[in-house]
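1. I would like to see how this sequence folds:
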Amino acid sequence: MRRRAARLTAVMVAALGVGAVGASVPVGAGDLPRPCDLLTRRQLTKAFGQPAGKPDDSLGPAFCQWTLAATPTRAPGQVNVVLETGARAKGGYATGERLAGTQAEPIADLGKKAFFAADTGTLFVLAAGPTLFYVQGNVYDAAANRATDGLKDTLTALAAKAEARL
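-> Presented below is the predicted three-dimensional model:
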């Protein structure tokens with residue numbers, strides 16, 4: 001399961017054009033926050049019940065990742081955030097929607113439009129600007145099975161906090 005999630009993450013990152021380390025990916029106007037500034041370690045720790053590590057932006061300026069430490073009931077995991085603007089945002093949203101296919105579940109009251117893809121644990125939000133961000137949670141139970149209970153609600157709450165920072 002973890003390999004599949006990692007492959008899906010790699011596909012989404014590549015599809016959004018942020019796969020190369022140090023890639024020159026515009027993230028918009030100077031006043032737009034960095035992806036690592038959209039959420040805090042404290043918010044992630046509280047949301048997932050697992051200690052969150054420091055944010056890592058080594059995959060490029062549009063990508064941020066936090067690791068989630070193992071607990072007695074959860075295996076290690078991660079949370080990813082990608083942030084794009086302009087044509088890249090619109091294209092990235094369309095790509096995500098196309099890849100999600102029938103799994104794309106619309107989410108109301110978040111951005112201009114948003115959807116959740118349960119199979120990848122990813123919430124895509126097209127916000128004003130146009131600005132795209134997605135929040136992905138790769139969380140697992142103690143037996144290393146992908147944990148999906150409540151993931152959509154958790155990511156929706158985190159996305160609302162992230163959107164407020166845009």
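2. every contact and neighbour count from this point should use C-alpha atoms.
-> Fine.
3. the most centrally placed residue in the chain in helix, strand or coil?
-> Central residue of the chain (CA atoms, centre = their mean): residue 135, 1.9 Å from the mean position. Secondary structure for residue 135, judged by DSSP: H, G, I helix; E, B strand; the rest coil, is strand.
4. test my guess that it contacts residue 155.
-> Yes - judged on CA atoms under 8 Å, residue 135 makes contact with residue 155 at a distance of 6.6 Å.
5. how about the nearest residue to the residue nearest to the centre of the chain, chain neighbours excluded?
-> Spatial nearest neighbour of residue 135, chain neighbours left out: residue 81 (4.7 Å); criterion: CA to CA, 6 or more residues apart in numbering.
6. now do the same contact list for that neighbour.
-> Contacts for residue 81 were tallied using CA atoms under 8 Å, 6 or more residues apart in numbering; they are 35-36, 63-65, 133-136.
7. now the helices for the chain?
-> Secondary structure of the chain (DSSP state H): helices located at 2-15, 41-48, 86-100, 151-164.
8. give me the pLDDT for residue 11.
-> In this model, residue 11 is scored at 41, pLDDT.
9. please read the previous query as pertaining to residue 107.
-> We have a pLDDT of 98 for residue 107.
10. now for residue 135 and residue 155: what residues contact both?
-> 122-123.
11. and the residue nearest to residue 135, bridged to which residues?
-> residue 64, residue 135 (DSSP bridges).
12. what pLDDT is listed against it?
-> At residue 81, pLDDT is 98.
13. how much space separates it from residue 146?
-> Distance from residue 81 to residue 146, counting by CA to CA, to the nearest Å: 19 Å.
14. for this protein, where's the lowest mean pLDDT among helices and strands?
-> For the chain, counting by mean pLDDT, DSSP states H and E, helix 2-15 ranks last in confidence among helices and strands (a mean of 44).
15. quick check: the residue of the chain most remote from its centre vs residue 50, distance?
-> The outermost residue of the chain relative to its centre, with distances by CA atoms, centre = their mean, is residue 72 at 24.6 Å. The gap separating residue 72 from residue 50 is 10 Å, by CA to CA.
16. low-scoring stretches of this structure, by residue?
-> 1-30 (pLDDT under 70).
17. try 80
-> 1-31 (pLDDT under 80).
18. buried set for stretch 127-143?
-> 127, 130-141 (16 or more other CA atoms under 10 Å).
19. there's contact between residue 139 and residue 149 in this structure, I believe.
-> No - Residue 139 sits out of contact with residue 149 when judged by CA under 8 Å, with a separation of 10.2 Å.
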